[in-house]
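In: Dropping the sequence and predicted coords here.
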Amino acid sequence: AGTGIMVELGNGKRFFFDFGSGCMRNIIAMAVPLQTVNDIFFTHLHVDHYADLPYLYAFAPWMGRWKPLRVHGPSGRAPKDGIKTMIEGMKMMTQWHTDSFNASPMGDGYEVEVNEFDFRDDNGVCYDKDGVVIRHWRRSHT
């Protein structure tokens, strides 16, 4: 399986770090309801770290996630290299699928809230809510 880590807090809140190939299989095997999979943080945008995201995006609204999916990820050296552009590409790639199932009630399930943080901002805060703070820093990885 590709890279993927789920952290579950005592209050039931879950955070996901990367979403590589095999994550969906593992999440389903652990009986994690797909509508509760949110707040996915990407360490970087190599495909082995996000390969299962299009599957979650395309099918979680069928399972009751009718609210926007929240993803957090790095910018790039240029705008075309950041998570905002990657998400737009994913939406274009899955558009035929999402358009063909628009008769079912999906609410805002096909919306994505993107928090793009500056990858150069070492020790930057990319999440600060309900007493949980998540920080990021640069790491060389090619």
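Out: That came through, no problem.
In: Show me where this structure dips below the pLDDT cut-off.
Out: 1, 102-103, 105, 142 (pLDDT under 70).
In: Which residue ranges of it form strands?
Out: 4-8, 14-19, 40-41, 69-74, 112-117, 124-129, 132-136 (DSSP state E).
In: Show me the helices in this protein, by range?
Out: Applying DSSP state H to the chain gives helices spanning 23-29, 53-59, 83-93, 95-100.
In: Can you lay out those helices as TSV showing distance to Glu8 and mean neighbour count?
Out: No exception for glycine: its C-beta is placed from N, CA and C like everyone else's. Formatted as TSV, the helices of the chain follow (distance: least, Cβ to Cβ, whole Å; neighbours: other Cβ atoms under 10 Å):
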stretch	distance to Glu8	mean neighbour count
helix 23-29	12	16
helix 53-59	17	19
helix 83-93	23	16
helix 95-100	29	11
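In: The ones you listed: which one's closest to Arg139?
Out: helix 83-93 (16.1 Å; Cβ to Cβ).
In: who touches that closest one?
Out: The contact list for helix 83-93 (Cβ atoms under 8 Å, 6 or more residues apart in numbering) reads 42, 45, 50, 53-54, 57, 71-76, 79, 98, 110, 112, 114, 116.
In: Just the buried ones among those, please.
Out: 42, 45, 50, 53-54, 57, 71-76, 110, 112, 114, 116 (16 or more other Cβ atoms under 10 Å).
In: In this model Tyr55 seems to touch Met24, though I could be wrong.
Out: Yes. The pair Met24 / Tyr55 is scored as a contact, 5.1 Å apart, by Cβ atoms under 8 Å.
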